[in-house]
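Asks: With the input below, show me the fold.
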Amino acid sequence: MIPGLVWGATEAECELPLPCDEVQPGGVQADRAISIDAPPSVVYGWLCQLRVAPYSYDLLDNFGRRSPRHRDPVLTELEVGQRFMFAFTLVSFMLCRHITLVSGKVCVTYAVRPEGGGTRLTVRLRCGAPWLIARVLAFGDRLMMRKQLLTLKELAEVEAHAADVTR
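Replies: As a prediction, this is how the structure comes out:
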């Protein structure tokens, strides 16, 4: 594993094939992953929220507006071609399994899978830009993606635990 290109992902996760590998073969690959104490359906629902906000550093990538803290179930109604995070287009998805987005020579897959009583969220970014540019983009993405994944984890866990309390 190349330093700077991996955050939280295991070696095995970095080797698993994901839909972005077919959409953007070759180029620089960057993998990120996080375990979330919430069911896959809740985590997937929060991924669908990326249609309206990036859930990273809002001051930098959401024009200073706070990303919504309550999930809108309507956003789970996906269709190929929809916009995500202002700059990405949805190119493929499988309900409660993955969403794959493209922006120029960048393709990213967010994959959800059960892990114990919760979820493992793995994200792969593939960049077909020239090597040096792709490495710089991947490094910057690591900072933004880390924040995004930690925010989505927090929101999904709060929702899942609130549902447990009301049962």
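Asks: give me the number of residues near residue 107?
Replies: As a burial measure, the neighbour count of residue 107 was computed by other Cβ atoms under 10 Å and equals 26. Using the backbone N, CA and C atoms, a C-beta is placed for each residue, glycine as well.
Asks: show me what contacts the nearest residue to it once chain neighbours are set aside?
Replies: The shortest distance from residue 107 to any residue other than its chain neighbours is 3.7 Å, reached at residue 24 (Cβ to Cβ, 6 or more residues apart in numbering). Shown here is residue 24, whose contacts under the criterion Cβ atoms under 8 Å, 6 or more residues apart in numbering are 102, 105, 106, 107, 126, 127, 128.
Asks: Pull out the buried members of the residues you listed.
Replies: 102, 106, 107, 126, 127 (16 or more other Cβ atoms under 10 Å).
Asks: pretty sure the last one is touching residue 108, no?
Replies: No. Under the criterion of Cβ atoms under 8 Å, residue 127 is not in contact with residue 108, lying 9.2 Å apart.
Asks: tell me the strands in this structure, going along the chain?
Replies: According to DSSP state E, the chain carries its strands in the segments 6-7, 28-36, 83-84, 88-94, 98-103, 106-115, 118-127.
Asks: Of the ones you listed, give the one that comes closest to residue 50.
Replies: strand 83-84 (5.0 Å; Cβ to Cβ).
Asks: what residues does the closest one touch?
Replies: 50, 51, 89, 90, 99, 101.
Asks: so which two of the residues you listed are the farthest from each other?
Replies: The distance between the two most remote of those (Cβ to Cβ) is 12.0 Å, for 50 and 89.
Asks: where do the contact lists of those two overlap?
Replies: Between them, residue 50 and residue 89 share the neighbouring residues residue 101, with contact defined by Cβ under 8 Å, 6+ apart.
Asks: more neighbours, these two?
Replies: Neighbour count, other Cβ under 10 Å: between residue 50 and residue 89, residue 50 has more, with 22 against 13.
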